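Novice: Curious how this folds, go ahead:
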Amino acid sequence: MSKCKEATTPLVPNKHLGPATDKEITSFKNMGINFRSAIGSLNYLSTATRPDLAHAVSALSQYLENPGIWHWKGFFHVLQSLKGFQEVGLHYHRNGKQGIITYSDADWGNCRVTRQSISGYLALFEGFLVLLKTRKQQPVSTSTAEAEYKALCDLTSEMLWLRQWTIKDGIVEPNC
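Specialist: So this is what the prediction gives:
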């Protein structure tokens, strides 16, 4: 991996993963690769230090039961993206002026098998990541706008909880 080419994104752009064929599954199993363990390692990285990998881990995790060679290549692409960001780190600054900042997004009809959209959202409190989630939406959204609104609704529910928690623990004033 030390001599591999760097990638600028965790997933291959414009390449959607799909289920592997029976032939690909058998061929991959014969290689003796523990795909589940490899994705578990990426999941640890995404939850502990690299939240930018969450979507890639989520996409690859859908194929833990029957991975194929394209899923393995997707795993290596994530590793190549890590190589490109070895010198990048998270830097937190305490200034007390930012409050809670949130972002949400949806990828309409992203899943090629079920046509479900993927929601993703995060919340920063004083610049610190305190919430990060990605998930498939239920039921299937009929438009991009509907998918975006569902993601925003999920984020709003989480934010109501976060606001109550910060008020209860005296972190912020009730009028914030």
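
Novice: Might you report the residue contacts of residue 24?
Specialist: Contacts for residue 24 were tallied using C-beta atoms under 8 Å, 6 or more residues apart in numbering; they are 68, 69, 70. Where C-beta positions appear, they are placed from N, C-alpha and C, glycine not excepted.

Novice: and after the least confident helix or strand in the chain by mean pLDDT, which helix or strand comes next?
Specialist: Here the helix or strand of the chain ranked lowest by mean pLDDT, DSSP states H and E is strand 128-136, holding a mean of 81. Going down the chain from strand 128-136, the next helix or strand is helix 144-168, by DSSP states H and E.

Novice: starting at the chain centroid, how far to that next one?
Specialist: 17 Å (C-alpha atoms, centre = their mean, to the nearest Å).

Novice: Could you pull out the buried residues of that helix?
Specialist: By neighbour count with 16 or more other C-beta atoms under 10 Å, helix 144-168 contains the buried residues 147, 148, 150, 151, 152, 154, 155, 158, 159, 162, 166.

Novice: From what I see, the first one and residue 141 are in contact.
Specialist: If I follow you right, that is residue 147. Yes: here residue 147 reaches residue 141: they are 4.0 Å apart, a contact under C-beta atoms under 8 Å.

Novice: tell me, what's touching these two both at once?
Specialist: Contact criterion C-beta under 8 Å, 6+ apart; residues shared by residue 147 and residue 141: 106, 108, 109, 117.

Novice: The last one: what's it in contact with?
Specialist: Residue 117 makes contact with 106, 107, 108, 109, 110, 111, 136, 137, 140, 141, 147, 150, according to C-beta under 8 Å, 6+ apart.

Novice: Over to the second one?
Specialist: Taking C-beta under 8 Å, 6+ apart as the definition of contact, the neighbours of residue 108 are 117, 141, 143, 144, 147, 148.

Novice: farthest pair in these?
Specialist: 117 and 143 (9.7 Å; C-beta to C-beta).

Novice: hang on, the earlier thing: could you pick out the buried ones from the contacts of residue 117?
Specialist: For those, buried by 16+ other C-beta under 10 Å: 106, 107, 108, 109, 110, 111, 137, 141, 147, 150.
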